[in-house]
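In: got a sequence here, can you model it:
(chains A and B)
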Amino acid sequence: MDHTRSSKLTWLLIAIVGALTVCPVLMLVLGSFSEGLTAFGDFTTDKYVEVYTDPAFFEVMLNTTIFVLGSSTLSTVLAVFLAYLNTRTDIPFKFLFKIISIIPMMIPHLLFSVSWALLLNPSNGLINLGLMEAFSLDNAPFNIYSMWGMILIEGLLDLPIAYLIIAPAMASFDVALEESSRVSGASSWRTLFRITLPVLRPAILAAFILGVVRSLASFAVPSVIGMPGRVQVLATHLYEMIATGFATDYGKAAALGMSVLVASVTLIVVYRALTAESEKYVTIAGRGFRPTVIELGKARMPLFFVVGVLSFVLIVLPVAVLLYTSFVPYSMVPSARAFSMMSLKHWHDVLSDPISLLSLKNSLFLAVVGATLGVILSIFVAYVIVKVKTRASGVLDSLSYLSFSFPGIVIGVGFMWFFVQTPLYATIWALLLGYIATYLPYGIRPMSSAFIQIHSHLEESSLVCGASPLTTMRRIIVPLLVPGIVSGWILMASMFVRELTLSVVLSRPGTEVLAVQILRFSEDGLWGRLSALGIVMIGISTALVVTATLIGNRFRTV
Amino acid sequence: MDIRIRGVSKYYYSEGKTIKALDDVNLTIPANQIFTLLGPSGCGKTTLLRCIVGLEMPDTGEISIGDDVVWSKDKNISVPPEKRGLGMVFQTYAIWPHMTVFDNVAYPLQVRGAAKDRIRESVAKTLRFVQLEGFEGRPATKLSGGQQQRVALARALVAEPRVILFDEPLSNLDAKLREETRKELRAFLGKLQITAVYVTHDRVEALALSDSIAVMRSGKIIEIGTPKKIYFDADHRFVADFIGRANLVKARVRGVEGGYTMVDCGLGVIACQQRDVAVGSEATLCIRPEFIRIVGGEAPAAKNLVNGRIESLVFVGEAYEAEIRVGEEQLLAKIDPDAKLDEGDAVSFTLDPAHCLLVAV
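Out: Residues are numbered from 1 along each chain as shown, chains lettered A, B, ... in the order given. Have a look, this model is predicted:
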């Protein structure tokens, strides 16, 4: 592609991505200084004063800090543990680790939280009921509606992403570093703590920080677990300003959101610096060796048991609980009686509920159309970032990374300020734009790594063979990109099917989506219907992954 | 089809500095020859090739292929690579991994919109030519390095291009395969009667393959000539040194005697191939190790007879590599492997004046 054409493309993309990412931030800033949605442009600092002098604010901040640090610590520690077991020991059934790192993508956070509420809520949680029956207790032994409950669930939810960061770093670790420590006289434990973990520090810290960013932006856990227990964090505090009561105040929400946004963006900058650092730490020299495997000996089965329990808790239990709840009339411990009372009533209710059906239709539309548009945009953006290395493409890279740090609910408020000024307000297109803007990095990343793998000679030789740039794109670049396109599409579509945080702000009557409808059921305690709709949602996610994989395979064997 | 390059320069900017990748290159590549651009890495040879093929734009000058100007700064002409009708073999071969051998080779014809029958015929013919008959249906990734290289060659040839360009096509092969492939390539190109431009940093490859060699350094063409001319009769010290192993000895010109240019140097008075150099001026005497002839027994009185002492002797298989000390000078010599010599022995050797080359300092 010649220079003027590619620089035109770069600037066009900067304009599009810039509009998608900078616009909501700008509107958030302006909104936080405005009187209200209908009085945009009447500037005031009242909203900041109100938000940050509210006596409840201190408690919210404290809760948020404990929640965020606690859950990130939990997910990081678990991830290090699992990654070490998988990459460095002879633990059996290693395929389980791959499942642990991929399957949770198909189980939405909202449903995961709900399933734990169904198990451990103090009034009729299944485990609580079971224990009360078994030991004739008067009170429920566990209460998930608490800070520890939030930390536990969020920690488990962020585990896969932490694992995906730490495991590759561990796999590419040069064992000679450890071996020389052993030769120098250190025990394996000492080597682990003095050599292995310090060398992996950038990766571990990066996983921790990503955990912080994600739990800060998390809305599913705070709303399903935290709100019933009155444990308020920033996300739910902000949600209450715009969704409950009679006086919704988007100005206050914007003012509060600013601090979350600033924190997130700062952390993501640190995260990027750390991942760059950890790439420097990659010690493997491409000599094609396998790290020596540590024999676990007697600890092998107990450790495997722990992994087995984790996979059960992460994957089987949530789906099983939801499936079970969707068939029984009310919460009851599984028993002969419970099974005899099973019916399709909740399924029937949901499938004849016009709002549930509408939300299903909307979510499907958003997933298919949104992911397709998102991937098309990602192809061009990734192309410019990877193949056209100019200063302008660097700007594009940073811009596209920016939305990675956006907490959905906060950026939703920013979009709200924007869409209210346009005819897009309360239409499905508002959600579509918001989704693409917020989740663009998830499309760009698989595309970039696909582009990196395509040597420029493959493209150039097509040009020399007489093919035009467009033909080259169609016959050479796109087919080679198919695996990247497929995985980008799956990632985006499955995220759009379950999208909650942006949707709770932007969704209006008529534009309900699945996650929002499930949240409504949860607020109303309609667990049976919720479970039925939740199973539908998981089914769609799974179907998307399966079809996309099949299509991808067919393309690859051409 | 000949290629004419006039005043072509190409600059890169990095960290505030301007790097001249090509510095006012003027070159005519004659038609139907194998023409090699040879030089150390970073000398601009690949940049020049990529400018010819159109993958890079020079900053100044004009390039024409046959009668067509394909690039001209002044006339504002820039023909994109796909319109230049050339063939190219890349260093990485650039075999498209998602296509079969047939599709890879057929691609240039397909994008030109050729008829299906003609494509099948031409592909079959070209694959037969590169001895890959019957490989049509193979996935391109399931081939060995040498086979991939031949697929790349077939793809470059199939559309019968005006010129074929090679960018270090053998550098990814192991040593043995490289030698075989080099011979094959020579045979293929010999049959074709096509203009071929070949880029390499390997001097043996350049000598073995080329009709003409252009030696480059720092974006400039230093010298052009046939392999023999470049090897035996280079004008520049850099070229003489780069094209093969050479002993370089400082010398001062005495004058011309009996068709030889006589010089004073650390080896004594040496008769050299005649050169137009001013008497009294400094020059460099270049002697290749294989032209140092050890004289056994009583040394006869001969031209360019030099006495020295063997400092070290290393057996490398087909020969001994000896370091011979002559006064202040140390010379590398290639000696017959069955010579009865030891380290420390005094030796006499002769230098054939035809292989005593005087080059600029």
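
In: in the stretch 151-300 of chain A, which ranges drop under the pLDDT threshold?
Out: Where the stretch 151-300 of chain A drops to pLDDT under 70, the residues are A:174-176, A:244-247, A:277-292.

In: now with 80, please.
Out: A:171-189, A:191-192, A:195-196, A:199, A:243-248, A:274-299 (pLDDT under 80).

In: that one: helices as residue ranges?
Out: Taking DSSP state H, counting those that start in this stretch, the helices of the stretch 151-300 of chain A run over residues A:175-183, A:188-191, A:197-199, A:201-217, A:220-221, A:234-243, A:250-280, A:300-311.

In: chain B too?
Out: B:45-53, B:101-111, B:116-129, B:145-157, B:175-192, B:203-209, B:227-232, B:237-243 (DSSP state H).

In: in a markdown table: those, plus mean pLDDT and distance to chain A.
Out: No exception for glycine: its C-beta is placed from N, CA and C like everyone else's. Below are the helices of chain B laid out as a markdown table (pLDDT from 0 to 100; distance: least, C-beta to the nearest C-beta, whole Å):
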| stretch | mean pLDDT | distance to chain A |
| --- | --- | --- |
| helix B:45-53 | 92 | 6 |
| helix B:101-111 | 91 | 4 |
| helix B:116-129 | 92 | 13 |
| helix B:145-157 | 88 | 7 |
| helix B:175-192 | 85 | 18 |
| helix B:203-209 | 91 | 20 |
| helix B:227-232 | 91 | 27 |
| helix B:237-243 | 90 | 27 |
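
In: mean neighbour count and distance to residue B:284 added to these, as JSON lines?
Out: Formatted as JSON lines, these follow (neighbours: other C-beta atoms under 10 Å in any protein chain shown; distance: least, C-beta to C-beta, whole Å):
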{"stretch": "helix B:45-53", "mean neighbour count": "24", "distance to residue B:284": "24"}
{"stretch": "helix B:101-111", "mean neighbour count": "24", "distance to residue B:284": "48"}
{"stretch": "helix B:116-129", "mean neighbour count": "16", "distance to residue B:284": "46"}
{"stretch": "helix B:145-157", "mean neighbour count": "24", "distance to residue B:284": "39"}
{"stretch": "helix B:175-192", "mean neighbour count": "14", "distance to residue B:284": "31"}
{"stretch": "helix B:203-209", "mean neighbour count": "19", "distance to residue B:284": "19"}
{"stretch": "helix B:227-232", "mean neighbour count": "18", "distance to residue B:284": "15"}
{"stretch": "helix B:237-243", "mean neighbour count": "21", "distance to residue B:284": "5"}
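
In: please name whichever of these is nearest to residue B:302.
Out: With C-beta to C-beta as the measure, helix B:227-232 is the member of the helices of chain B nearest residue B:302 (20.8 Å).

In: who's in contact with residue A:539?
Out: For residue A:539, the contact set (C-beta atoms under 8 Å, 6 or more residues apart in numbering or on different chains) is empty.

In: now the host helix or strand of it, how far from the chain's geometric center?
Out: Here residue A:539, judged by DSSP states H and E, is contained in helix A:527-556. Computed by C-alpha atoms, centre = their mean, to the nearest Å, the chain-centroid distance of helix A:527-556 equals 17 Å.

In: would you mark the buried spots in it?
Out: Neighbour counts over helix A:527-556 (16 or more other C-beta atoms under 10 Å in any protein chain shown) mark A:527-538, A:540-541, A:544-545, A:548, A:552, A:555 as buried.

In: so is stretch A:470-488 next to chain B?
Out: Yes - residues of stretch A:470-488 are located near chain B by C-beta under 8 Å from any C-beta of the partner chain, namely A:471, A:475, A:476, A:479, A:480.

In: next one: residue A:500 from chain B, what distance?
Out: Going from residue A:500 to chain B by C-beta to the nearest C-beta, to the nearest Å gives 38 Å.

In: by contact count, what packs against the lowest-mean-pLDDT helix or strand in chain A?
Out: When the helices and strands of chain A are compared on mean pLDDT, DSSP states H and E, helix A:175-183 comes out lowest with a mean of 71. Other helices and strands packing on helix A:175-183, by 3 or more C-beta pairs under 8 Å, 6 or more residues apart in numbering or on different chains; DSSP states H and E, are helix A:188-191.

In: now for the helix it packs on, which elements pack on it?
Out: helix A:175-183.

In: for the residue of the stretch 201-350 of chain B found nearest chain A, what are its contacts?
Out: Proximity to chain A, evaluated over the stretch 201-350 of chain B using C-beta to the nearest C-beta, is greatest for residue B:201 at 17.7 Å. Counting by C-beta under 8 Å, 6+ apart, residue B:201 touches B:38, B:39, B:40, B:41, B:45, B:168, B:171.

In: what do you get for residue A:403?
Out: So residue A:403 contacts A:20, A:21, A:411, A:437, A:438, A:439, A:440, A:441 (C-beta under 8 Å, 6+ apart).

In: so for the fifth one, what's the pLDDT?
Out: In the predicted model, residue A:438 carries a pLDDT score of 88.

In: equivalent analysis for the last one, please.
Out: Model confidence at residue A:441, expressed as pLDDT, equals 86.

In: do the second one as well
Out: On the pLDDT scale, residue A:21 is placed at 86.

In: follow-up on the earlier one: right, and out of the contacts of residue B:201, which lies closest to chain A?
Out: When those are compared against chain A (criterion: C-beta to the nearest C-beta), the nearest one is residue B:168, at 11.5 Å.

In: what's the neighbour count on the closest one?
Out: 20 (other C-beta atoms under 10 Å in any protein chain shown).

In: so it touches residue B:92, yeah?
Out: No - the pair residue B:168 / residue B:92 is not scored as a contact, 9.6 Å apart, by C-beta atoms under 8 Å.

In: between the two, what contacts are shared?
Out: What both residue B:168 and residue B:92 touch, as defined by C-beta under 8 Å, 6+ apart, is an empty set.

In: show me where the stretch 301-450 of chain A has helices.
Out: So, for the stretch 301-450 of chain A - with DSSP H, counting those that start in this stretch - the helices run A:317-327, A:336-340, A:345-351, A:354-365, A:371-387, A:391-402, A:408-419, A:428-453.

In: other SSEs contacting the last one?
Out: When you say that, I think you mean helix A:428-453. Using 3+ C-beta pairs under 8 Å, 6+ apart, helix A:428-453 sits against helix A:3-32, helix A:354-365, helix A:371-387, helix A:391-402, helix A:408-419, helix A:478-497, helix A:501-506.

In: would a markdown table of those helices with mean neighbour count be doable?
Out: Shown next, in a markdown table, are the helices and strands packed on helix A:428-453 (neighbours: other C-beta atoms under 10 Å in any protein chain shown):
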| stretch | mean neighbour count |
| --- | --- |
| helix A:3-32 | 18 |
| helix A:354-365 | 18 |
| helix A:371-387 | 22 |
| helix A:391-402 | 18 |
| helix A:408-419 | 27 |
| helix A:478-497 | 23 |
| helix A:501-506 | 27 |
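
In: pipe these into JSON lines and attach distance to residue A:293 per row.
Out: Listed next are those as JSON lines, based on distance: least, C-beta to C-beta, whole Å:
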{"stretch": "helix A:3-32", "distance to residue A:293": "45"}
{"stretch": "helix A:354-365", "distance to residue A:293": "44"}
{"stretch": "helix A:371-387", "distance to residue A:293": "36"}
{"stretch": "helix A:391-402", "distance to residue A:293": "37"}
{"stretch": "helix A:408-419", "distance to residue A:293": "41"}
{"stretch": "helix A:478-497", "distance to residue A:293": "29"}
{"stretch": "helix A:501-506", "distance to residue A:293": "41"}
